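Asker: below is the sequence, then the predicted model.
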Amino acid sequence: MSTIYEIYKQLEERDVILSFKGMMTSELLTTILQIMETKMDGFEESPRIRKKVFNVLVECLQNLYHHIDERKDDTEASKNEMNALFMISKSDTGYTITTGNYMNPNDVPTVKDKLDLINGMTKDELKEYYKQVLNEGTMSEKGTAGLGMIDIARKSGKDLVYSFSPINDNLTFFSLSVKIED
């Protein structure tokens, strides 16, 4: 039981107000948004920060929902690979949304290049890039146009902090952290 207390202390030290590990479903997305709405009511946040947090939160959760690698076999390891991690923390300066999910290592260079490109753009360049991607309208196999990360960067006004942790030859764990400040 001391392990549970250690986890609790770590969450408390990091000011985590909501954390989830498991399978992302559309019902869960709705529930998380409802919970955050209630929590933010309690914090009496300004409409501006509420809007920014919710916009980024929706994009991050949709990213998890749409991009969790689906494995064909039904082993226990494969079920765990479909799990995702989500945390939101609050500090004196704002909020941090952190997500994590498994991905195919072959996709890492493409995702890294896109994130580096987004992080290297100014606010105006991001706006133009968003319009360009929107107008090209190329859809991925997962039914997305690749606008999520661009929109997260635009709404947060901050660089997207990310990491890729190789697990084995077939899996990498992708982590994303986004700060939202007023």
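Answerer: Ah, there it is.
Asker: so residue 147 touches residue 136, yeah?
Answerer: No - look at residue 147 against residue 136 with CB atoms under 8 Å: they stay out of range, at 10.5 Å. No exception for glycine: its C-beta is placed from N, CA and C like everyone else's.
Asker: need the overlap of contacts for those two.
Answerer: Here residue 147 and residue 136 have no joint contacts, going by CB atoms under 8 Å, 6 or more residues apart in numbering.
Asker: so which of the two has more stuff around it?
Answerer: residue 147 (14 against 10; other CB atoms under 10 Å).
Asker: nearest residue to the more buried one other than its sequence neighbours?
Answerer: residue 133 (5.7 Å; CB to CB, 6 or more residues apart in numbering).
Asker: the one you found and residue 149 touch, don't they?
Answerer: No - using CB under 8 Å, residue 133 makes no contact with residue 149, being 10.1 Å away.
Asker: neighbour count for the two, which is higher?
Answerer: Between residue 133 and residue 149, counted using other CB under 10 Å, the more crowded position is residue 149 (21 against 15).
Asker: how close does that one get to residue 52?
Answerer: Computed as CB to CB, to the nearest Å, the residue 149 to residue 52 distance reads 16 Å.
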